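**Q** take a look and give me a structure for this.
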Amino acid sequence: MHIGNLDELRKRAVEKLGAGNHGFSENFQDGFRAVLHELQTYQIELELQNEELRRVQEELVETRDQYVDLYDFAPVGYLTLGDKNLIEEVNLTMADLLGEERKSLLGRPFSRFIFPEDQDIFYKHLRELSGTKSRRVCDLRMQRKNGDWFWARLECVPKEKRHKSGMRLRIAVNDITEAKRLENEIIKAKKLEATALLAGGIAHDFNNLLAVILGNLDLAKEDMLLGRSIAKGLQTAREACLSAGNLTRKFLTFSAGGEPFKEPTPAEAFITDAVSLALAGSNVNSESSFPEGLWPVVVDAGQMTQAIANVISNAREAMPQGGVIRIRAENVDSIPGKNRELPGNQDAKYVKVSIQDQGVGIPEDILPKVFDPYFSSKEMGQEKGMGLGLTVAYSILKKHGGFIDIASQPNIGTTVSMYLPATDKPIVSLETRTEHTPLVNNRILVMDDEDLIRMVTRNMLERLDYDVEVACDGEEAVELYLHALLEGSPFGSVILDLTIKGGMGGRETIKRLKEIDPHVRAIVVSGYSNDPVMANFKEYGFFDALHKPYRLEDLERSLRAIAHACGKQFSRV
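**A** Residues are numbered from 1 along each chain as shown. Predicted structure coming up:
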């Protein structure tokens, strides 16, 4: 009988009881009333419980709806990855970030939406997550359906499946494109601040060199009038000019310029040169250790010599009373520190060059600043010590895909470790030619928009017994080259300035010349070494590249190389 009929039952019972005793004792009637009251109480309790259950159910539905709304319309993207990193769950924000319909994302590999160049970052992140239950974060670029990309910060937490073996990966995705942009703006601001400081030091150093040049030229002029020898003064002025050129190259290297021309090179040779260069005339000795089987390094030997010499010079300055600097080179095929961010592959090969001094050391709070330009307790403008030395070394290593590390203990010394990209493949040496055959065609075309450069280059080439014609821009150079070809007196070599103000420069000119003569031999010259043409000149059709200012011997060497390539050699008379 339904509990709702208890009232009727009671009514009938009361009527029956009112008609007489009916054989029921008074105790029985009292018990019946008690049971009836208890049943009525249960009915009320059940009704209250049903009402509470309905209320809780409504709250659960409301909470679920709120959760769904919070999940779908959260300010960050949420998704869950299952087996093979396939997307099992995804919220609307994530779908909007990717420019996709939510349904179309389910069951697709998450890696499909990672920017191609950042795939390695994601898989490295997955390897770090394996075997851990802690939250891990990584930044990478993701690609939208329309091909656009954005910077994303992934916060990942592994979760075990409840009813199956294996793991799920819950990921929160933040669009940090704007944060990255602001970060770059801050970096640019710091760069400008550093450049302002750098400019002061550069101006001081450059003016000192100009004073040396002008002073010696004035003395040479006076000596010439008095009939004295001017060779010494001119030589000093020449050395100052070369130092000025070296200073500008250092500035370009720091300012994201100076692209290296990288090729396999024995490390021992340029390290030895750097030691000799940095310690010449000092009271500091060196001890070098080069093991057998040292890998060749893939570097620009000139730039790397400069980088190592800068570090050694810095070590020398830290030892005013003299001492010993120890240089050690060794092969390494692993990177120290799991979290070190490198421009190259963690599994790449390096030659580690360690430079250890016995100086005063660097305080711990100063270490992070040692790569800032002209950061030093010395007066600004001293192009030594911590002036540009470590800054330039850092920039050079970064451009080569290597890195530099520093450790120091006050009153004990400092060790600078430089990691140079290496290869275990042997260097293929070119056969040295010894025959000296006269160059049949010694005609050279020079293109430059500066009158003084054209004049001095013509004089240098004529001193080397070349027949020279000059052009002020690419159009004139192409016209002269074509005319000479048609007249049957072609040019054997062409020297092209890379940048022509208001005219056609070397890059465009060589294309035109290649159309006229596919066998043209051209040398590109520039005072601005950060252009990729200067580092990768062969890819642009040039035979060689010369950096301004160049010496007479540099010009002669480059032209001899052209003669070698032609199977002939012009011998200077």
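
**Q** any idea how the protein splits into domains?
**A** 3-71, 77-175, 191-254, 263-421, 443-565 (automatic domain parsing).

**Q** tell me the spacing between the closest residue to Gly77 other than its chain neighbours and Gly147.
**A** Nearest non-adjacent residue to Gly77, counting by C-beta to C-beta, 6 or more residues apart in numbering: Met94, 3.1 Å away. Placement of C-beta: from N, CA and C, glycine included. Distance, Met94 to Gly147, by C-beta to C-beta, to the nearest Å: 18 Å.

**Q** who has more neighbours, those two?
**A** The residue with more neighbours, out of Met94 and Gly147, is Met94; 24 against 7, by other C-beta atoms under 10 Å.

**Q** now do the same contact list for the more buried one.
**A** Residues near Met94 by C-beta atoms under 8 Å, 6 or more residues apart in numbering: 77-79, 105, 173.

**Q** now, which of the residues you listed lie within strands?
**A** 77-79, 173 (DSSP state E).

**Q** identify, from those residues, the entry nearest to Glu160.
**A** Nearest to Glu160 among those: Leu79, at 17.7 Å, using C-beta to C-beta.

**Q** okay, now that closest one: neighbour count?
**A** 23.

**Q** again, but for Pro490
**A** 17.

**Q** which one is Glu268 nearest to, not counting chain neighbours?
**A** Phe290 (4.7 Å).

**Q** may I ask which helix or strand of the protein has the lowest mean pLDDT?
**A** helix 6-19 (a mean of 55; mean pLDDT, DSSP states H and E).

**Q** any idea which helix or strand comes after that helix?
**A** The helix or strand immediately downstream of helix 6-19 is helix 26-72, counting by DSSP states H and E.

**Q** off-centre distance for that following helix?
**A** Put simply, helix 26-72 sits 67 Å off its chain's centre (C-alpha atoms, centre = their mean, to the nearest Å).

**Q** can you start the count at 15 instead of 1 from here on
**A** Yes, from this point I'll number from 15; that puts the last item at helix 40-86.

**Q** would you agree Cys170 is in contact with Met181?
**A** No: Cys170 is beyond contact range of Met181, at 11.0 Å (criterion: C-beta atoms under 8 Å).

**Q** who's more crowded, the two?
**A** Cys170 (20 against 15).

**Q** what bits of the stretch 15-164 of the chain have low per-residue confidence?
**A** Scanning the stretch 15-164 of the chain for pLDDT under 70 picks out the ranges 15-40, 42-43, 79.

**Q** kindly recompute the last result at 50.
**A** 15, 17 (pLDDT under 50).

**Q** equivalent analysis for the stretch 465-587 of the chain, please.
**A** 582-587.

**Q** for it, what spans make up the helices?
**A** 465-477, 488-500, 520-530, 546-549, 566-579 (DSSP state H, counting those that start in this stretch).

**Q** can you redo those as JSON lines with mean neighbour count?
**A** As requested, the helices of the stretch 465-587 of the chain are exported to JSON lines (neighbours: other C-beta atoms under 10 Å):
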{"stretch": "helix 465-477", "mean neighbour count": "15"}
{"stretch": "helix 488-500", "mean neighbour count": "17"}
{"stretch": "helix 520-530", "mean neighbour count": "19"}
{"stretch": "helix 546-549", "mean neighbour count": "18"}
{"stretch": "helix 566-579", "mean neighbour count": "17"}
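
**Q** which one of the ones you listed lies nearest to Ala559?
**A** When the helices of the stretch 465-587 of the chain are compared (using C-beta to C-beta), the closest one is helix 546-549, at 5.1 Å.

**Q** pull out the CA atoms of that closest one and give them to me as PDB.
**A** C-alpha atoms of helix 546-549 as PDB (Å, rounded to 0.1, in the frame of the first residue of the first chain):
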ATOM      1  CA  PRO A 546      74.900  37.900 -45.500                       C
ATOM      2  CA  VAL A 547      76.500  38.400 -48.900                       C
ATOM      3  CA  MET A 548      79.900  39.000 -47.100                       C
ATOM      4  CA  ALA A 549      79.600  35.700 -45.200                       C
END
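
**Q** coming back round to it: which single one of the ones in strands among the contacts of Met108 is nearest to Phe46?
**A** Nearest member of the ones in strands among the contacts of Met108 to Phe46, counting by C-beta to C-beta, is Tyr92, at 62.3 Å.

**Q** can you read off the backbone torsions of the nearest residue to the closest one once chain neighbours are set aside?
**A** Using C-beta to C-beta, 6+ apart and skipping the chain neighbours, the partner closest in space to Tyr92 is Asn105 (4.5 Å). Backbone torsions of Asn105, given as degrees, to the nearest 10, read phi -90, psi 170.

**Q** just Ser148 next, same as before
**A** Dihedral angles for Ser148 - degrees, to the nearest 10 - are phi -90, psi 160.

**Q** so who does it touch?
**A** Contacts of Ser148 by C-beta under 8 Å, 6+ apart are Val171.

**Q** so Thr94 makes contact with Arg182?
**A** Yes: under the criterion of C-beta under 8 Å, Thr94 makes contact with Arg182 at 5.6 Å.

**Q** overlap in contacts, those two.
**A** Taking C-beta under 8 Å, 6+ apart as the criterion, Thr94 and Arg182 both touch Glu102.

**Q** identify the single longest helix in the chain, thanks.
**A** Counting by DSSP state H, the longest helix found in the chain is helix 191-239.

**Q** average pLDDT for that helix?
**A** Taken as a whole, helix 191-239 has a mean pLDDT of 78.

**Q** between helix 191-239 and the next helix or strand after that helix, find me the angle.
**A** Moving toward the C-terminus from helix 191-239, the next helix or strand (DSSP H and E) is helix 245-268. Relative orientation of helix 245-268 and helix 191-239, computed by axes from the mean of the first three to the mean of the last three C-alpha atoms, to 10 degrees: 180 degrees.

**Q** same for helix 245-268, what does it pack against?
**A** With contacts taken as 3 or more C-beta pairs under 8 Å, 6 or more residues apart in numbering; DSSP states H and E, helix 245-268 sits against helix 191-239, helix 315-331, helix 403-413.

**Q** what do you get if the cut-off is 7 Å, keeping everything else the same?
**A** helix 191-239, helix 403-413 (3 or more C-beta pairs under 7 Å, 6 or more residues apart in numbering; DSSP states H and E).

**Q** which of these sits most buried?
**A** Of all the helices and strands packed on helix 245-268, helix 403-413 has the most neighbours on average by mean count of other C-beta atoms under 10 Å, namely a mean of 24.

**Q** helix, strand, or coil at Val367?
**A** strand (DSSP: H, G, I helix; E, B strand; the rest coil).

**Q** would Glu306 count as being in a helix?
**A** No: Glu306: not assigned to a helix; according to three-state DSSP it is coil.

**Q** outside of stretch 472-491 itself, which residues are in contact with it?
**A** Identification of contacts with stretch 472-491 by C-beta atoms under 7 Å, 6 or more residues apart in numbering yields 456-461, 463, 468, 494, 510, 514, 517-519, 522-523, 566, 569-570, 586-587.
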